[in-house]
Structure formats: C-alpha cells, structure tokens
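> build the 3D model from these lines:
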Amino acid sequence: MDYIDNLRSEITKIQENENESLKIELIESVKHIEELNIIFQNEIKNIREDYENRKTCDEFNHNNEKEKLAKEFSEKIEILKNDYRLKNSLEFKRIKDEKDLVFSKKVKKMEQNFNAKNQQLASANSEITKKQNELRDKEREINSLKDQHKKDLEEFDSTKPTVSFNDDIQIISNKESKCPGKKCDGSGHVDPKYKRHNIFENCPKNPRNAHFINLISQLTSANEKLQLEIKNLNISLENEELISREYRIDELENEVYKLTEKIQDLQETLEKSILPSSGEKNVGPIKVGKYDSKGARRGRDVYMGTSGGYFL
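Below is the predicted model of the structure:
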C-alpha cells in the first residue's frame, strides 16, 4: 500500500512539475505577445505619423489620400490581429500537446513498472509460501525420525540382543587380522567418524549393527537433503530486492538453523545412546555438511570431531 501511495505522490509531483513548466511556457508566450503588441503600437504610431504628415499634402488629394491611408491602416491592423490570434492559438496548442504527450508516456511507463513490481511481489510471496511448506515437511520428517529413533532405543533396551559366535565369526590368532569377523580385514566402522576397528562389536558386518548403520544413513541423508534445500533456497532468494522478502528470508534462515541444530542434537543423541564405545583413535575429522547461513559461518565446511561434537 505504501508503494502505491508513493507512486501516486510521484505522479502528483510530475503533474505539478508539468503544470509549472506549462505555466512558464505560457508566461513566455504572453511576454512574446506583449512584445508584438509594442511593435504593433509602434507600427500604428508610425502609420499615424505618416498619416499626419500626408495630411499636410495638397488639399486637392486630401480626401482620397485620407481614405487610402485609413483603408491601409485598417488592413494592417486586421492582419496584425489575425496573425496574433493565429500564433497565440497554435503556440498554446503545440505546447499543450507536447506536455500531454510527455506526461502520458511517463504515466504509462510508471504503470508498467508498477504492474511488473506487483507480479514480482506475487511471485516472491508464492515462492516463500512454497519454501515454508517444504520446511514444515522437513521438520515433520525430522520429528518423525526422532520419534522412530526413540522407539528404536526403547526396543533395543528391552531386547538387548546378544551376539552368538557362529559361522559369521572365526576365532583366529593371526596377529595381522584386526577383527575376528569372517572375511573382515578391520576396515570400516559402525561409527562413520572411524575408518577402522579391531573388535567385532564395531564391525560393519556384525548383524547387530545393521540397524545402527541404517539409522546413521538416514541421518546423513536427511542432513544432505537439508543442505540441498538450504542451497536452493539461498539461490532462489539471492537476487530479490523487496524488503518484506528479505525480512522473510531471515525468518526462514532462522528456521533452517533450528532444523540444523535439531539434526545435530539427534546425531549427538545417537552417538551417546546407541554407538558402542571403542576406545579407538579417530583417523581424522569427517566432513558432514556445509553451513550456508548469512551468519559468521556462511559457506564453511562442518566436520564431526573425535569426541562426537562438530566444528568448522
């Protein structure tokens, strides 16, 4: 509404400026007419002087000369009047037509810009609504994943499965082997922040760890999807100039930041509650995502530390 009021105010100012310009043009025309009038008066004066001079001529030609001069005087006066009326009318019409044309073009251009801005605003509002719905879907998905995780923890605590040493495990004394699991060379770990293991409890091939690996995969996938959504949101809103949309972007980024914190909390809960402690040294930090907020950590890689925390 403020934009429309500003537009109307701008149109009013343009009209006032155009009227002021037209007023100046008319003043100049009046000045020109006054100058012509002075010329006419001088001409009349000269004619009268000529008439008075001729009046002293021969009395024989006095009457004829008088009529001739009077006729010439009347004709000149009429010509001057017609010329004055014609010039005044044409000049005024020309100035008015030019000003009307310029004003009409400006108003038409402003209307086009106004309609274009309205379309951009409608498109921006539609995009923001779409992103809001997508973020709500992501939040519901994360909440569902947390509920499932809680349910899995309760189920795990109630069942507490034990590992039976069957054909999937072979006990050997070879010092070069890092894991007693069959066909396992010790590479990999149920916790992605480790690259190797030396006990079957942390072996990715351990049937007991299948559920943990699947849950970690879901968390990683959810984090990748969230980062992709953040990237797409930043790209789609990068070039927008409307203040209302910029304000909404900040709100959306706060929501995204909260979702990121929820995922991190879920990952930390998983590490503390599910993943077995190995006592093994971490080979190196694992890159888990990218922080794309407008804050101090914009566009920086996020790593998982050896103690389960996160750092840049």
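> just the buried residues of stretch 254-265, please?
By neighbour count on 16 or more other CB atoms under 10 Å, the buried set for stretch 254-265 is 255-256, 259-260, 262-264. Any C-beta I mention is one placed from the backbone N, CA and C, and that applies to glycine too.
> closest one of those to P207?
P207 has its nearest neighbour among the buried residues of stretch 254-265 in I263, at 27.3 Å by CB to CB.
> just the element for the spatially closest residue to the closest one that is not a sequence neighbour, please.
Among residues not flanking I263 along the chain, N223 sits closest, at 5.4 Å (CB to CB, 6 or more residues apart in numbering). Using DSSP states H and E, N223 falls within helix 210-237.
> against which helices or strands is that helix packed?
When contacts are defined as 3 or more CB pairs under 8 Å, 6 or more residues apart in numbering; DSSP states H and E, helix 210-237 sits against helix 62-159, helix 243-273, strand 286-291.
> hmm, L135 is touching L259, no?
Yes - between L135 and L259 there is a contact at 7.1 Å, judged by CB atoms under 8 Å.
> thinking again about what came up before, any chance of JSON lines for the helices and strands packed on helix 210-237, columns mean pLDDT?
Converted to JSON lines, those look like this (pLDDT from 0 to 100):
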{"stretch": "helix 62-159", "mean pLDDT": "77"}
{"stretch": "helix 243-273", "mean pLDDT": "66"}
{"stretch": "strand 286-291", "mean pLDDT": "61"}
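> now tabulate these in JSON lines and tack on distance to L219.
As requested, these are exported to JSON lines (distance: least, CB to CB, whole Å):
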{"stretch": "helix 62-159", "distance to L219": "7"}
{"stretch": "helix 243-273", "distance to L219": "6"}
{"stretch": "strand 286-291", "distance to L219": "9"}
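> looking at the ones you listed, which is nearest to S187?
For the helices and strands packed on helix 210-237, the distance to S187 is smallest for strand 286-291, at 15.1 Å, taking CB to CB.
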